[in-house]
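Everything below, folded, please.
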Amino acid sequence: MKSLLIALISISFCAPVLSQSTDEHLRLQVLNYNMTEQNFIFGEWKKENGSETHLNYLGEIVTSNDEHFKIMTSCWIWGVTRKVTNLILVYDKDNNLLGNYYLNTKCQLPNQIVNNKLIFKPSECAECDNAITKVDFYDGIPENFYLGCKRGQGNIYSFYLSY
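Numbering: from 1, shown residues only. Sure, this is the predicted structure:
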């Protein structure tokens, strides 16, 4: 009984992330445009049905080992209650999805890439004490990173591999 409950909880947590995979053709389209820091909106959320996807290609990060990663943010609005799935998507230089970070709110998505670091500015859309957070890709894709809004109040976000 416990294993069934754990399986159901796991599926309900992963379902929003997995169901967004149908947007892959839109993501590749934005990557092919190669326009950085430009928000692309696909679809339109309606209470009755429909969904809306916001994609923003931030650019390319180069590691110390000369690996190239393309970084895109995704905000998918769906469902009757306007649920939101926020992701940082990481692609290789050939536009193959490597994996993602799942974030709680759109305010937590990074704004830009500077010196091979993801720059987060949560204070621009929320009352935060921390103006800027940086995540460094110097040694490759970070397995985890911490993002907080107020001192001692934040979350650790983990990288999930794509299959």
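
any low-confidence regions in the chain?
1-22, 122-132 (pLDDT under 70).

Would you map the strands across it?
Using DSSP state E, the strands of the chain run over 39-43, 51-62, 68-78, 83-92, 97-103, 112-114, 117-120, 133-136, 144-150, 153-161.

elements contacting the fifth one?
The helices and strands touching strand 97-103, judged by 3 or more Cβ pairs under 8 Å, 6 or more residues apart in numbering; DSSP states H and E, are strand 83-92, strand 153-161. Bear in mind the C-beta positions are built from the backbone N, C-alpha and C, glycine included.

Take those strands and lay them out in JSON lines including distance to G50 and mean neighbour count.
Listed next are the helices and strands packed on strand 97-103 as JSON lines, based on distance: least, Cβ to Cβ, whole Å; neighbours: other Cβ atoms under 10 Å:
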{"stretch": "strand 83-92", "distance to G50": "13", "mean neighbour count": "19"}
{"stretch": "strand 153-161", "distance to G50": "26", "mean neighbour count": "13"}
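
Mind checking those strands for the one nearest to E60?
E60 sits nearest to strand 83-92 of all the helices and strands packed on strand 97-103, at 9.3 Å, using Cβ to Cβ.
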